[in-house]
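Asker: Okay, sequence plus prediction incoming.
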Amino acid sequence: MAEGDVQCSRCGRPFAKKERVACISGRVMGDECTDCYYLCGTCGVYTIRLYRDVFCGEETSHDSNPISREEGDRRLELMRACAHPNDERCQCAAHREYFGGWLD
């Protein structure tokens, strides 16, 4: 699925690229994991496009179930605590907490 194909996981409204509110990347067991957050202005939930660049395989992506506004905001606050959220090799406290201690 291309990034332009991201839809709200609750109401199905397609997102424009500019509606992506944040991304974070981390390296987990040799795979690059990137989570991109979109907030639906219509129904007020987040959808996460999860990209996985697998060390020994093809890159995959899928979308999350709806994430509540409160939980999504909590995760965004955590991501914004890192100066380099797109650096998959970052080992800061925010990255470690976001990825639950699974970082390489």
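Answerer: Nice, I can see it.
Asker: who does the lowest-mean-pLDDT helix or strand in the chain touch, helix- and strand-wise?
Answerer: Taking mean pLDDT, DSSP states H and E as the measure, the helix or strand of the chain with the lowest value is strand 59-63, at a mean of 93. Packing contacts for strand 59-63, counted by 3 or more C-beta pairs under 8 Å, 6 or more residues apart in numbering; DSSP states H and E, involve strand 46-53. Yep, even glycine has a C-beta here, placed from its N, CA and C like the rest.
Asker: Straight-line length of stretch 12-19, end to end?
Answerer: Counting by C-alpha to C-alpha, to the nearest Å, you get 14 Å between the two ends of stretch 12-19.
Asker: Can you tell me the element the residue nearest to the spatial centre of the chain falls in?
Answerer: Among the residues of the chain, D35 comes closest to the average C-alpha position under C-alpha atoms, centre = their mean, at 1.8 Å. Using DSSP states H and E, the secondary-structure element containing D35 is strand 31-39.
Asker: ok, the residue nearest to the centre of the chain - contacts?
Answerer: Contacts of D35 were listed using C-beta atoms under 8 Å, 6 or more residues apart in numbering, and they are C23, I24, S25, I48, R49, L50, Y51.
Asker: any idea which of those has the most stuff around it?
Answerer: With neighbours set by other C-beta atoms under 10 Å, the maximum within the contacts of D35 is found at I24, which has 26 neighbours.
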